[in-house]
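A.B. asks: Return atomic coordinates for the entry below.
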Amino acid sequence: MEYSIRVALPSDGEAMRSLLPRLASFDIPARRSAEDLWRGDEQSLQAWLDGEAPDCLAHVAVDSNNAVLGLSLIRLREEMLSHGPSAHLEVLAVAREAEGKGIGRALIVTAEDAAQERGAWTITLHVFANNTRARYLYEELGYSGEIIRYIKDL
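C.D. replies: Okay, the predicted model is just below:
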């Protein structure tokens, strides 16, 4: 599958939004609904589309017909502990039919480069412990786990 990565455009918005449910394409914890995993990301994406998130950078992977195959959305922000310049990978989603083609990896590398060009020293992300496919990719790209979040139903 041939594809290219480019800066996302507002005209890509609906195609980008349609990929958000892919964020729940793993064995999600029983206490969670699939929509909970991407509803906040939809709000971030909408803010970017509306021009209200200048701290966000969006990229898309497109095929030769300019159909969107994947997206990344990062937010430039302070690193949580050091307060140094950083970025956070808010969204990484790839269409089901485009899985396993290197698109996720290419989107992450592009997002990292864009963040570094804008002064970020680090990039962070969140991933569910049982999302093993995503964790494998992140670890292959040099990410390491740092904080473990626990939750208990009351």
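
A.B. asks: hey, where'd the helices end up in the protein?
C.D. replies: 13-19, 39-49, 103-117, 132-140 (DSSP state H).

A.B. asks: quick one, which of the ones you listed is packed in tightest?
C.D. replies: With neighbours taken as mean count of other C-beta atoms under 10 Å, the helices of the chain reach their highest mean count in helix 103-117, at a mean of 19. All C-beta spots, glycine's among them, are computed from the backbone N, C-alpha and C.

A.B. asks: Which strands or helices does that helix pack on?
C.D. replies: When contacts are defined as 3 or more C-beta pairs under 8 Å, 6 or more residues apart in numbering; DSSP states H and E, helix 103-117 packs onto strand 4-7, strand 56-62, strand 68-78, strand 85-94, strand 122-125, helix 132-140.

A.B. asks: Export these as a markdown table, with columns for distance to residue 50.
C.D. replies: Listed next are these as a markdown table, based on distance: least, C-beta to C-beta, whole Å:
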| stretch | distance to residue 50 |
| --- | --- |
| strand 4-7 | 17 |
| strand 56-62 | 11 |
| strand 68-78 | 14 |
| strand 85-94 | 15 |
| strand 122-125 | 24 |
| helix 132-140 | 28 |
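
A.B. asks: Contact partners for residue 73?
C.D. replies: With contacts defined as C-beta atoms under 8 Å, 6 or more residues apart in numbering, residue 73 is in contact with 41, 44-45, 48, 56-58, 89-91.

A.B. asks: which residues does residue 133 contact?
C.D. replies: Residue 133 makes contact with residue 26, according to C-beta under 8 Å, 6+ apart.

A.B. asks: and if you look at residue 3?
C.D. replies: Going by C-beta under 8 Å, 6+ apart, residue 3 touches 61-63, 69, 98, 101, 103, 106.

A.B. asks: From those, list the buried ones, please.
C.D. replies: Applying a neighbour-count criterion of 16 or more other C-beta atoms under 10 Å, the buried members of those are 61-62, 69, 98, 101, 103, 106.

A.B. asks: Closest one to residue 18 out of those residues, please.
C.D. replies: Nearest to residue 18 among the buried ones among the contacts of residue 3 is residue 69, at 11.4 Å by C-beta to C-beta.

A.B. asks: didn't the closest one look like it was pressed against residue 103?
C.D. replies: Yes: using C-beta atoms under 8 Å, residue 69 is in contact with residue 103, at 5.7 Å.

A.B. asks: Overlap of the contact sets of these two?
C.D. replies: Where contact means C-beta under 8 Å, 6+ apart, the residues bridging residue 69 and residue 103 through contact with each are 3, 61, 94.
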